[in-house]
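Colleague: Got a sequence here, can you model it:
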Amino acid sequence: IAIDYSARDAILGAAARVAATARAMSPGEWMLTRESFAAFLGEAMHAREPAPDVDLLVRTGAEQRLSDFLLWECAYAELAFSAKMWPDYTPADLAAALVEFRGRERRFGRLGSAAAG
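Modeller: Have a look, this model is predicted:
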């Protein structure tokens, strides 16, 4: 659970650390990759390691937006929406969301099996 989290602030902080690192190194000494940026992002979140990618994001309260929440980590997340407010969301609701999630085809940006044929 993340509370009072701003992905934009975390990404901005990571970008500032990337810039400082790049200035301190000679050209060609270091290359920015998704993995290395994720490490900088982990530092921006004050985490020891980068957060893993999110597989399923459950949004409660009838909202259907990310609201600046884990934008980098949710790039390929499956989304589930519930009209219930968080205090009313039950383990049974989560179980139902997980059943739905398991039935989805996760393509991670690739074409689906129906579109590929």
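Colleague: Tell me where this protein has strands.
Modeller: Per DSSP state E, the chain has strands spanning 56-59, 78-81. These are given in chain order.
Colleague: Turn these into JSON lines, including mean pLDDT, mean neighbour count and distance to Ala16.
Modeller: For the C-beta atoms, the positions are set from N, CA and C on the backbone; glycine is no exception. Shown next, in JSON lines, are these (pLDDT from 0 to 100; neighbours: other Cβ atoms under 10 Å; distance: least, Cβ to Cβ, whole Å):
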{"stretch": "strand 56-59", "mean pLDDT": "93", "mean neighbour count": "16", "distance to Ala16": "26"}
{"stretch": "strand 78-81", "mean pLDDT": "96", "mean neighbour count": "16", "distance to Ala16": "29"}
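Colleague: Of those strands, which is nearest Leu111?
Modeller: Among the strands of the chain, strand 78-81 comes nearest to Leu111, with 17.2 Å by Cβ to Cβ.
Colleague: Rebuild the strands of the chain as JSON lines, extending it with distance to Arg104.
Modeller: Shown next, in JSON lines, are the strands of the chain (distance: least, Cβ to Cβ, whole Å):
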{"stretch": "strand 56-59", "distance to Arg104": "9"}
{"stretch": "strand 78-81", "distance to Arg104": "6"}
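Colleague: How about the contacts made by the closest residue to Ala97 other than its chain neighbours?
Modeller: Of all residues not flanking Ala97 in the chain, Ala80 sits nearest, at 4.3 Å (Cβ to Cβ, 6 or more residues apart in numbering). By Cβ atoms under 8 Å, 6 or more residues apart in numbering, Ala80 lies in contact with Leu56, Leu57, Val58, Arg59, Ala97, Glu100, Phe101.
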